[in-house]
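Undergrad: just need the structure, nothing else, for what follows:
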Amino acid sequence: MSKLKLLWTGLLVLSLSVFSLAANADVDAEEFVEEASAKGLAEIETARMALNKGTAPEVKAFAQQMLDDHTAANKELAAIAKGKDLKIADDAELMNKAKAFILKQRDGESFDEAYANNQVVAHEQTIELFREAVNLRDPELKAFAQKTLPKLEHHLRMAQDLVTLTSAAEAEAENRYDVTPESRGGSPRPAPATSPR
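TA: This is a model prediction of the structure:
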């Protein structure tokens with residue numbers, strides 16, 4: 001379990017620090033291509049992980065859509081970048097980082113819930129980057145950003161809905177179990193008093 005928590009913590013660190021270019025006021029074509037492709041690769045890797053480790057059918061369906069949509073977007077971006085001799089994120093480099101740091105899982109949070117929460121944060125950051133990119137001078141990259149932005153915004157709404165669903169499912173699962181002092185490491189409950197007959 002601690003390995004999973006380490007992996008969850010890592011992706012949050014990865015998305016907040018390694019790819020912090022989105023926080024810059026202006027993004028240029030080279031930065032946009034590298035960061036957008038890196039974020040896309042991170043989405044692909046976390047979607048694969050969710051397909052393997054997720055339990056809710058809704059989580060798996062969302063992950064499959066993220067895998068499909070981000071794979072297609074990264075292929076399109078790679079083709080544009082190649083024509084401009086711009087470097088996209090290194091697949092092997094990113095996968096090594098992602099495997100070392102996948103998704104942050106909070107105490108008591110299921111994989112599904114943590115994945116959903118991560119997707120909200122990841123899409124908010126990616127949307128910020130793409131909103132900056134619609135002001136790029138390069139017409140092809142600007143058009144790519146304008147075309148992709150509505151899909152990312154839709155992904156964010158889906159992720160927010162998934163958070164609601166997974167949080168409710170987690171709360172329901174917790175309510176199914178009778179939590180006793182013994183299960184929390186405390187003293188047993190006293191036996192109910194019985195009246196002599």
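
Undergrad: so which bits of stretch 57-66 are buried?
TA: Neighbour-count burial for stretch 57-66, with 16 or more other Cβ atoms under 10 Å as criterion, is recorded at Glu58, Val59, Lys60, Phe62, Ala63, Met66. Glycine gets a C-beta too; all of them are placed from N, C-alpha and C.

Undergrad: same thing with stretch 146-162?
TA: Buried residues in stretch 146-162, counted by 16+ other Cβ under 10 Å: Thr148, Leu149, Leu152, His155, Leu156, Met158, Ala159, Gln160, Leu162.

Undergrad: among those, which one lies nearest to Ala73?
TA: Thr148 (5.7 Å; Cβ to Cβ).

Undergrad: pretty sure that closest one sits against Ala73.
TA: Yes. Under the criterion of Cβ atoms under 8 Å, Thr148 makes contact with Ala73 at 5.7 Å.

Undergrad: from the buried residues of stretch 146-162, which is closest to Glu113?
TA: Using Cβ to Cβ, the shortest approach to Glu113 within these belongs to Leu162, at 9.1 Å.

Undergrad: quick one: the closest one from Thr148, how far?
TA: For Leu162, the distance to Thr148 (Cβ to Cβ, to the nearest Å) stands at 20 Å.

Undergrad: for Gly40, same thing?
TA: From Gly40 to Thr148 the distance is 10 Å (Cβ to Cβ).

Undergrad: tell me where the model's unsure across this protein.
TA: 1-26, 91-109, 173-197 (pLDDT under 70).

Undergrad: what is the neighbour count of the residue nearest to Ala133 when sequence neighbours are not counted?
TA: Nearest residue to Ala133, sequence neighbours excluded (Cβ to Cβ, 6 or more residues apart in numbering): Ala145, at 3.6 Å. Neighbourhood size, Ala145 [other Cβ atoms under 10 Å]: 23.

Undergrad: try Lys87
TA: With neighbours defined by other Cβ under 10 Å, the count for Lys87 comes to 11.

Undergrad: helix, strand or coil for it?
TA: Put simply, Lys87 is coil when judged by DSSP: H, G, I helix; E, B strand; the rest coil.

Undergrad: again with Thr55
TA: coil.

Undergrad: is it true that it touches Ser110?
TA: Yes. Using Cβ under 8 Å, Thr55 makes contact with Ser110 at a distance of 7.4 Å.

Undergrad: comparing these two, which shows the higher neighbour count?
TA: Remark: of Thr55 and Ser110, Ser110 carries more neighbours, 19 against 12, as counted by other Cβ under 10 Å.
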